[in-house]
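Undergrad: Predicted structure and sequence below. I'll ask about it afterward.
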Amino acid sequence: GQQVMQIPQYQHVQEGEDFTTYCNSSTTLSNIQWYKQRPGGHPVFLIQLVKSGEVKKQKRLTFQFGEAKKNSSLHITATQTTDVGTYFCAATKAAGNKLTFGGGTRVLVKP
Amino acid sequence: DAGITQSPRHKVTETGTPVTLRCHQTENHRYMYWYRQDPGHGLRLIHYSYGVKDTDKGEVSDGYSVSRSKTEDFLLTLESATSSQTSVYFCAISELDRVNEQYFGPGTRLTVT
């Protein structure tokens, strides 16, 4: 079945620093979504990317969809303690198909 | 947050007993989903519904059944609970034209002893 791999699994970041988490697939994706889950909470939808090479920004978060639509990245600048949580990518191979979630990147911020 | 509730929020049950989890939405969204979340596995789709009485299997459907008799309610039943079904279960909903923009409920932590 479709596999969506996320790296790294864990990310320890000093407050104020930048970091990037990656989502990779061996097959071409129709679209990709990013979700954030705070500790003890539920996943919250952040964004959807559909077009090849698409870049979207939400304040300090920058999301990118690869040109080949096989990978995506989330870059966070000037990390804050509010960024703590697990970030999941989720993808479909075909429009309207079932979502496959990556294993997530758990972000820990050192003040 | 979207109007999604799950009940119960916590449950401990014994191996071999049937268990039913309920998801209730007030958003009138067409699609509803059941996921399980386990360490190292992210979220895995169990079953989903694309309308009243319309359901389909997900990635890990063995040992689970679902029913949707009303738009607002989606039930997940573990026919005979096993320890491998100890997990956190999330319900999610989405609109017809934005199926991948899913909104999750607060989750149910199920422990099977």
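TA: Everything's here; your move.

Undergrad: count of residues packed around residue 18?
TA: In the absence of a named chain, chain A is used. 12 (other C-beta atoms under 10 Å in any protein chain shown). The C-beta positions use only the backbone N, C-alpha and C, and glycine is treated the same way.

Undergrad: The chain in question should be chain B.
TA: B:P18 has 11 neighbours, counted by other C-beta under 10 Å.

Undergrad: same check, this time on B:D73
TA: B:D73: 15 neighbours (other C-beta under 10 Å).

Undergrad: And for the one 3 residues further on?
TA: Taking other C-beta under 10 Å as the criterion, the count of residues near B:L76 is 23.

Undergrad: Listing partners with orientation, what would you give for the helix or strand encompassing it?
TA: Counting by DSSP states H and E, the element that carries B:L76 is strand B:73-78. Sheet pairing here is set by DSSP bridges, and for strand B:73-78 it gives strand B:19-25 (antiparallel), strand B:64-70 (antiparallel).

Undergrad: Can you tell me who the residue sitting nearest the centre point of chain B pairs with across the strands?
TA: Nearest to the geometric centre of chain B sits B:W34, at 2.8 Å (C-alpha atoms, centre = their mean). With DSSP bridges applied, B:W34 shows beta-bridge pairing to B:H47, B:C91.

Undergrad: right, and it touches B:L43 too?
TA: No: counting by C-beta atoms under 8 Å, B:W34 stays clear of B:L43, with 10.3 Å between them.

Undergrad: which residues do the two both contact?
TA: Common neighbours of B:W34 and B:L43 (criterion: C-beta atoms under 8 Å, 6 or more residues apart in numbering or on different chains): B:F90.

Undergrad: what's the offset of the worst-scoring helix or strand of chain B on mean pLDDT from the middle of its chain?
TA: Least confident helix or strand, chain B: strand B:98-104 with a mean of 89, by mean pLDDT, DSSP states H and E. How far strand B:98-104 lies from its chain's middle: 14 Å, per C-alpha atoms, centre = their mean, to the nearest Å.

Undergrad: any residues touching it, and which ones?
TA: Strand B:98-104 is contacted from outside by A:31, A:33, A:42-45, A:48, A:90, A:92, A:96, A:99, B:1-2, B:4, B:27, B:29, B:31, B:33, B:90-95, using C-beta under 8 Å, 6+ apart.
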